[in-house]
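> Pasted the sequence and its predicted model underneath.
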Amino acid sequence: KAGVTQTPRYLIKTRGQQVTLSCSPISGHRSVSWYQQTPGQGLQFLFEYFSETQRNKGNFPGRFSGRQFSNSRSEMNVSTLELGDSALYLCASRPGTVNNSPLHFGNGTRLTVT
Amino acid sequence: GESVGLHLPTLSVQEGDNSIINCAYSNSASDYFIWYKQESGKGPQFIIDIRSNMDKRQGQRVTVLLNKTVKHLSLQIAATQPGDSAVYFCAEAQAAGNKLTFGGGTRVLVKP
């Protein structure tokens, strides 16, 4: 099976712009989660989607949003970018039908805000 | 676990020796624990997980130990190899949902 695929791998944006990141989960996985990784804060949970519905949400401002499509692919959007949004954004998937099955991560999108 | 930010603790290990990576978790309600390995330029890779009704679980060359009394988790890697050089993260989750809370990570350097 192909793993979790994230596009693009690298992105450079300017403050104030918005950005959309894309994630294709492992085939058959219906749950998609997003995490932000920075040197200062480590790995932090953004949100989780299951069957096109947000099932869980972390402590990030409303500028961070996401959605999931009927084929389980997911996108996350960050509006009005700030310098502090520079990070590695990781998408992870799991079947979603069994609690606590391990998350499988993609290799992330490296976002740089200038 | 608490994030330790830029200054990751580092474990330097001789090739062939055993490695032990420790993790203190914060939430006594957590009932699921997991270890990930992250190599440079890649996402975290699942290593092994354990539920709170167990205190030990073994995989291929890895063992996870859970001590709920002191809220401590450890990962043991047997016969450490150069390919084991990476940053290792522990994470915890409560029973409902899959929101993981990650520790700050430990860098493992394997010396030939």
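Received, thanks.

> What count of nearby residues applies to residue 28?
In the absence of a named chain, chain A is used. 11 (other C-beta atoms under 10 Å in any protein chain shown). Glycine gets a C-beta too; all of them are placed from N, C-alpha and C.

> should've been chain B
Using other C-beta under 10 Å, B:Ser28 has 9 other residues around it.

> now swap in A:Thr80 and tell me
A:Thr80, neighbours per other C-beta under 10 Å, totals 11.

> ok, it - contacts?
A:Gly16, A:Gln18, A:Arg63 (C-beta atoms under 8 Å, 6 or more residues apart in numbering or on different chains).

> who's in contact with the one helix or strand in chain A whose mean pLDDT sits lowest?
Lowest mean confidence among the helices and strands of chain A (mean pLDDT, DSSP states H and E): strand A:53-57, at a mean of 92. Strand A:53-57 is contacted from outside by A:Ser31, A:Ser33, A:Phe45, A:Leu46, A:Phe47, A:Glu48, A:Tyr49, A:Gly66, A:Gln68, B:Gly97, B:Asn98, B:Lys99, using C-beta under 8 Å, 6+ apart.

> got the contact list for the closest residue to the third one other than its chain neighbours?
Okay, so that is A:Phe45. Using C-beta to C-beta, 6 or more residues apart in numbering or on different chains and skipping residues adjacent in sequence, the residue nearest A:Phe45 is A:Gly58, 4.0 Å away. Listed by C-beta under 8 Å, 6+ apart, the contact set of A:Gly58 reads A:Gln44, A:Phe45, A:Leu46, A:Phe47, B:Lys99.
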